[in-house]
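> Fold the following.
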Amino acid sequence: MWTGWLMLRLAKLIPCKHILRILSLMTGTRQSHVIRRGEKGKTRKIGNDVQQGSGIAPTLFNILISDMPETISLQPGYADNWVLTYQSKEWIEIEDTLSKDTTALNEYFYTRNLKMNSTK
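Residues are numbered from 1 along each chain as shown. As a prediction, this is how the structure comes out:
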């Protein structure tokens, strides 16, 4: 999903083409199949994401979003979980600020094939 953007960012940071190739293979589309009782099952494509739980995934994600736009509201977070928070005595100011920031971040993530989960 976000391999193209990630590889562009990594190419600016890592001068070694061999390391970039390895990272490209790790984040690109892969295939998988199951062997049961000696018989190979149907080969399926795995999306072009970093394998969940891999040690390098958080670092690659942080590189990918290192140019995330600034917002008026605060963005406290951990790993790939953030929350927007803003304080004011006026409810309309809170609503306007959070709406503008959410829209800006949603547009940013959309261009990188990432999705915000507003239900969390």
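> all contacts plus neighbour counts: C-alpha atoms, from now on.
Fine.
> Hmm, residue 84 is touching residue 100, no?
No. Using C-alpha atoms under 8 Å, residue 84 is not in contact with residue 100, being 11.0 Å away.
> measure residue 14 to residue 59 for me?
Going from residue 14 to residue 59 by C-alpha to C-alpha, to the nearest Å gives 13 Å.
> Who are the contact partners of residue 106?
115-116 (C-alpha atoms under 8 Å, 6 or more residues apart in numbering).
> Which secondary structure state is assigned to residue 60?
Under DSSP: H, G, I helix; E, B strand; the rest coil, residue 60 falls in the helix class.
> So it sits against residue 6, correct?
Yes. If you go by C-alpha under 8 Å, residue 60 and residue 6 touch, sitting 7.4 Å apart.
> partners of the worst-scoring helix or strand of the chain on mean pLDDT in the sheet?
Lowest by mean pLDDT, DSSP states H and E among the helices and strands of the chain is strand 77-78, with a mean of 72. Its sheet considered, strand 77-78 pairs with strand 81-82 (antiparallel) by DSSP bridges.
> Can you report the mean pLDDT over the residues of the strand it pairs with?
Computed over strand 81-82, the mean pLDDT rounds to 78.
> and after that strand, which helix or strand comes next?
Where DSSP states H and E defines the elements, the next helix or strand beyond strand 81-82 is helix 91-111.
> For that next one, buried residues please.
97-98, 101-102, 104-105, 108-109 (16 or more other C-alpha atoms under 10 Å).
> With that, I have no additional questions.
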